[in-house]
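got a sequence here, can you build the structure:
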Amino acid sequence: MKEDPSTACVNVFSDDDAAAKTRLREAILRHVLQYPNAADTANAIVKWWLPHTGYEDSPRHIEAVLEDMVNKHWLRREVLPDGEILYLRGDACGI
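Sure, this is the predicted structure:
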């Protein structure tokens, strides 16, 4: 009997995706620990906080990790008057 894909429990992230997100999260945390007043948009985080790390072509990883970090209060999000989102150090985990 063939399983119906619409009801199957599917892991949408491969092991490589999970590992990449973990490395990305750790890199962002290292940056905010080293520069506690840092604040940037998602694009600027890739450009200035994580230059030449291979994440330049992974905006879905960046967005997912930033949202996860906001939910855990490791980062906070501020919406600028022009609608852009700025990410900065949160108050959880002593950072």
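
looking at this protein, which helix or strand does the model trust least?
Ranked by mean pLDDT, DSSP states H and E, the weakest helix or strand in the chain is helix 15-34, scoring a mean of 84.

low-confidence stretches in the chain?
The chain contains residues with pLDDT under 70 at 1-16, 55-58, 93-95.

which parts of it are strands?
For the chain, the strands defined by DSSP state E cover 39-40, 75-79, 85-89.

contact partners for the residue positioned nearest the centre of the chain?
In the chain, the centroid-proximal residue (CA atoms, centre = their mean) is Val65; its distance is 2.3 Å. Contacts for Val65 were tallied using CB atoms under 8 Å, 6 or more residues apart in numbering; they are Lys21, Leu24, Arg25, Ile28. For the C-beta atoms, the positions are set from N, CA and C on the backbone; glycine is no exception.

count of residues packed around the second one?
The local packing of Leu24 (other CB atoms under 10 Å) involves 23 other residues.

check contacts around it.
Contacts of Leu24 (CB under 8 Å, 6+ apart): Leu50, Tyr55, His61, Ile62, Val65.

excluding chain neighbours, give the residue nearest to the fourth one in space.
Spelled out, it's Ile62. Nearest residue to Ile62, sequence neighbours excluded (CB to CB, 6 or more residues apart in numbering): Ala42, at 5.4 Å.
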